[in-house]
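Colleague: 3D model of this:
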Amino acid sequence: MDAFTPKTTTRFLPALAEQIALWFPEVEGRSLAVSEVSITKENVPTLPLVMVAFINSVSEPPMRGSANMFDIIDTFIVEFWLEPARYKKANGAETPFWSFYPYEEIRDTLLTNITYWQTPNGERISFRRLQIGADPLAVTLTFTFLAVFRWCPDKVETGDPFTIKTRLCADTSRCIPEEPDPCR
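Modeller: Below is the predicted model of the structure:
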């Protein structure tokens, strides 16, 4: 990204969670940005549910020039928690096999919508992987993504800009008179 994207007050992951709630109406608004994603007997919420969580951040400093602008790559996940279900035998007893979940449909809906979504700060999103897990509490579809954005330092107010108070002429009679600064 060559152009500087001004920072907004909208945070990326909460904005993505809001969008996912719109893209997947079957979760009935249960799409949240969280700090950590894990399932225990104590925290199984109403399913289905989507959690969006930050994983880590990396960057490479620029090879040339100053380090006041560079790309940061944030890794994040979008995790769908679905009702667990097992295949049943003809007599109604559960098998040890988990039911098939339409991961292709969920993946395609998620990726298509992310592709066309205007991110709040100009982040560029790329899909990395999908992992599926199952246990008696929930079936999880965990999508891993990278979000790349241009980082720039916040503007720091330091007062008046630095000015040179002397003229850089040996003979002051040859110096060009100062013109008034239109910015002041």
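
Colleague: give me the number of residues near the closest residue in space to A138 that isn't next to it in sequence?
Modeller: Using Cβ to Cβ, 6 or more residues apart in numbering and skipping the chain neighbours, the partner closest in space to A138 is W81 (4.5 Å). Every residue, glycine included, has its C-beta placed from N, CA and C. Around W81 there are 23 other residues, counting by other Cβ atoms under 10 Å.

Colleague: W81 and K89: what is the separation?
Modeller: Distance of W81 to K89, given as Cβ to Cβ, to the nearest Å: 26 Å.

Colleague: now do P153
Modeller: According to Cβ to Cβ, P153 stands 63 Å off from K89.

Colleague: so the residue nearest to A138 bridges to which residues?
Modeller: When assigned by DSSP bridges, W81 has beta-bridge partners L49, T140.

Colleague: okay, it: pLDDT?
Modeller: The model reports W81 with a pLDDT of 92.

Colleague: next: T9.
Modeller: On pLDDT, T9 comes in at 69.

Colleague: same thing with the one 3 residues further on?
Modeller: Model confidence at F12, given as pLDDT, is 93.

Colleague: my guess is it contacts N121. True?
Modeller: Yes: taking contacts as Cβ atoms under 8 Å, F12 lies within contact range of N121: 6.3 Å.

Colleague: how about the contacts made by T95?
Modeller: Counting by Cβ atoms under 8 Å, 6 or more residues apart in numbering, T95 touches R86, Y87, K88, K89.

Colleague: that concludes my questions; thank you for your assistance.
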